[in-house]
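[1] fold the following, please.
(one chain, ligands or ions: 1)
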Amino acid sequence: MSATQHRKLRTGRTVWQSIPVARVPERRLRRDLACDVVVIGAGISGALIAERLTEDGLDVVMVDRRGPLAGSTTASTALLQYELDLPLCRLARRIGPARAERLWRRSKLALDALDERLHRLGLDADCVHRSSLYLQGDVLDVEGLREEASARRHAGFEVSFLTRGQVRDAYGIKGRAALLSHGGMAADPRKLASGFLRAALARGARLYAPVEATGIDPLVSGAVVHTAGGPSLRARAVVFATGYEMPKGVPRMGHRVTSTWALATRPQPRAAWRDEVMISEASDPYLYLRVGPQGRILCGGEDEAFIDQETRDALIPQKIAALQEKLVRLLPQVRPEADYAWAGSFGASPTGSPSIGAVPGMRNCFAALGYGGNGITFSMLSAQVLSAAIGGRDDPDADLFSFRRKF
Ligand SMILES: Cc1cc2nc3c(=O)[nH]c(=O)nc-3n(C[C@H](O)[C@H](O)[C@H](O)COP(=O)(O)OP(=O)(O)OC[C@H]3O[C@@H](n4cnc5c(N)ncnc54)[C@H](O)[C@@H]3O)c2cc1C
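    Residues are numbered from 1 along each chain as shown. Predicted coordinates:
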């Protein structure tokens, strides 16, 4: 029995697994413990949440059934962007322009906050600032991109519309108009998570692994987390930061787990394209790419709605070939041979936005379901929203992510 679903989160060797990362010390759980907050999950979400809560002065215990950095975070291609999966003009039609604009702005603030915290803590995580190029596709054509540009400008974002000729001249990509936006980043996701986990541990947080949370008993003034090994953890609050292994009893809010594929090419013999902008398509299924470690191109997409892990894994050769073909069609000068290929669980939500906050019907329990292409940005957002919720403070945007919202 477990408090969350069980999944094979990823298959294949990711490019990050060949890059050394600072070890995150973990302990064995041998006896019952008490603390302020138990965080279940030691990926990037748990790391950012724990770091933030320890800054608030709280005594934090983390548990993970696998160990730190052993979940989906290691599979991430780590394009750190504020642009939600659903274009702003489409989101506005769905939930109203005012809410849509607030969501997009808060996503940008969360990304800026991540950047600022990296600086403040002196973490590197191979983080670089990158602009983003959003190419026309079957979701947004040229007119759609123009509409999206004006929706973003109305919300206060800096964005340029580039004609097909401008995209061809600047990036060598033919037949596509695009939006160019700024303020994104790229990083090594394991170094990112390791850095924040170590910062939380340095402030006194404790990390126990492997520890499976099997069930939660909410209390009037806290909750007890039961674990597979026997000891239990008593806390004022419990946070589920369990990624795509959905916590049981937490409303899904339309979030669904899907399958995705990614590759890292061999190091490219020459600079791949101007300014190493992060490229994505307004298409379904989409393609996205960025320059990664040692001048390799990281490229992913081809998402499918199914979650059957055997089918997902069997499709790796076929999906990687499809990604390579698309890559070369887009950028003929690129060498598409892959040194790394992997598949993983992925998540999506109808609005491209996360669900974060108190879990209805589970007193003193909170969850961060940060699904979507901006998963890591949403991990930072979760840290901000949950810090306020657990600390009894107001977050002006909590209603946008609440498990009680009606949109
Ligand atoms: C191929 C791929 C590409 C991606 N690209 C991007 C990208 O470019 N940009 C971006 O922002 N996001 C991207 N994402 C999404 C991003 O990686 C995820 O949103 C993020 O890693 C999720 O982090 P997490 O900490 O929530 O989950 P995880 O890293 O999976 O951590 C959750 C942890 O919870 C633990 N756990 C679960 N249940 C229990 C339990 N009952 N008891 C104890 N422990 C438990 C698990 O063992 C796991 O270690 C990508 C994802 C994939 C798969």
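
[2] grab the nearest non-local neighbour of M185.
    With sequence-adjacent residues excluded and distances taken as C-beta to C-beta, 6 or more residues apart in numbering, M185 is closest to L80, at 4.1 Å. In short, each C-beta sits where N, CA and C put it, glycine included.

[3] what comes up buried for the longest helix seen in the chain?
    For the chain, the longest helix by residue count, based on DSSP state H, is helix 97-121. Residues of helix 97-121 classed as buried: 99-104, 106-111, 113-115, 117-118 (neighbour count, 16 or more other C-beta atoms under 10 Å).

[4] where does the residue in the stretch 151-300 of the chain that the ligand sits nearest to land on pLDDT?
    Proximity of the stretch 151-300 of the chain to the ligand (C-beta to the nearest ligand atom) peaks at G243, 2.4 Å away. Listed pLDDT for G243 reads 97.

[5] where's it relative to P396, distance?
    Noted for G243: a distance of 27 Å to P396, by C-beta to C-beta, to the nearest Å.

[6] neighbour count for the two, which is higher?
    Per other C-beta atoms under 10 Å, whichever of G243 and P396 has more neighbours is G243, with 26 against 9.

[7] what ranges does the stretch 201-350 of the chain have for its strands?
    206-208, 213-219, 222-227, 232-240, 256-265, 278-281, 287-291, 297-304, 338-348 (DSSP state E, counting those that start in this stretch).

[8] the stretch 1-150 of the chain now?
    10-12, 33-40, 60-63, 79-80, 128-135.

[9] please identify which of those is closest to L369.
    strand 33-40 (12.9 Å; C-beta to C-beta).

[10] just the buried residues of that closest one, please?
    Of all the residues in strand 33-40, those buried under the rule 16+ other C-beta under 10 Å are 33, 35-40.

[11] and stretch 177-196, by the same measure?
    177-181, 183-196.

[12] now, those residues that are in helices?
    Under the assignment DSSP H, the buried residues of stretch 177-196 contribute 189-196 to helices.

[13] show me which of those residues is closest to V24.
    Nearest to V24, judged by C-beta to C-beta, of these is S194 at 5.4 Å.

[14] thinking again about what came up before, for the strands of the stretch 1-150 of the chain, which one sits closest to the ligand?
    Among the strands of the stretch 1-150 of the chain, strand 79-80 comes nearest to the ligand, with 3.7 Å by C-beta to the nearest ligand atom.
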